[in-house]
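K.L.:
Sequence and predicted structure, then a few things I'm wondering about:
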Amino acid sequence: MGEHIDEAKGRTKQAAGDLTDDEKLKREGRIDRAVSSVKDKIDDAADTISDKVDDAAGKVKDKVGSRSRRDSRD
């Protein structure tokens, strides 16, 4: 829900600016919508990075775990 606030606020300001022919309000609306878009892209990138880090950590744990099991047999 919170991630869509800037988008909704931007659409509202832009529509109000269109109705009142207020260029400043239209511009603010476009800026709010752009901010929303940038936030979405940053969230997506953070999720992707987090997934990659989790995958790498899992591979390291698997590798370390297989070595310790192999070493204990020797």
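P.N.:
Yep, that arrived. Since the model is a prediction, treat every value here as computed from it, not as a measurement. Residues are numbered from 1 along each chain as shown.

K.L.:
for the protein, which helix is longest?
P.N.:
helix 23-73 (DSSP state H).

K.L.:
Which elements pack onto that helix?
P.N.:
Applying 3 or more C-beta pairs under 8 Å, 6 or more residues apart in numbering; DSSP states H and E, we find helix 23-73 packed against helix 5-20. All C-beta atoms are positioned from the backbone trio N, CA, C, and that covers glycine.

K.L.:
Send me the helix it packs on as PDB with only the CA atoms.
P.N.:
Coordinates of each C-alpha in helix 5-20 appear next as PDB, following Å, rounded to 0.1, in the frame of the first residue of the first chain:
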ATOM      1  CA  ILE A   5       1.300   6.600  -2.200                       C
ATOM      2  CA  ASP A   6       3.600   8.800  -4.400                       C
ATOM      3  CA  GLU A   7       2.000   7.400  -7.600                       C
ATOM      4  CA  ALA A   8      -1.500   8.200  -6.300                       C
ATOM      5  CA  LYS A   9      -0.500  11.600  -5.000                       C
ATOM      6  CA  GLY A  10       1.200  12.400  -8.400                       C
ATOM      7  CA  ARG A  11      -1.900  11.300 -10.400                       C
ATOM      8  CA  THR A  12      -4.100  13.400  -8.100                       C
ATOM      9  CA  LYS A  13      -1.900  16.500  -8.400                       C
ATOM     10  CA  GLN A  14      -1.600  16.100 -12.200                       C
ATOM     11  CA  ALA A  15      -5.400  15.700 -12.600                       C
ATOM     12  CA  ALA A  16      -6.000  18.700 -10.400                       C
ATOM     13  CA  GLY A  17      -3.500  20.700 -12.400                       C
ATOM     14  CA  ASP A  18      -5.200  19.700 -15.600                       C
ATOM     15  CA  LEU A  19      -8.600  20.700 -14.300                       C
ATOM     16  CA  THR A  20      -7.400  24.100 -13.000                       C
END
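
K.L.:
Counting by contacts, list what that helix packs against.
P.N.:
Using 3+ C-beta pairs under 8 Å, 6+ apart: helix 5-20 touches helix 23-73.

K.L.:
Report the inter-axis angle for the helix it packs on versus helix 5-20.
P.N.:
170 degrees (axes from the mean of the first three to the mean of the last three C-alpha atoms, to 10 degrees).
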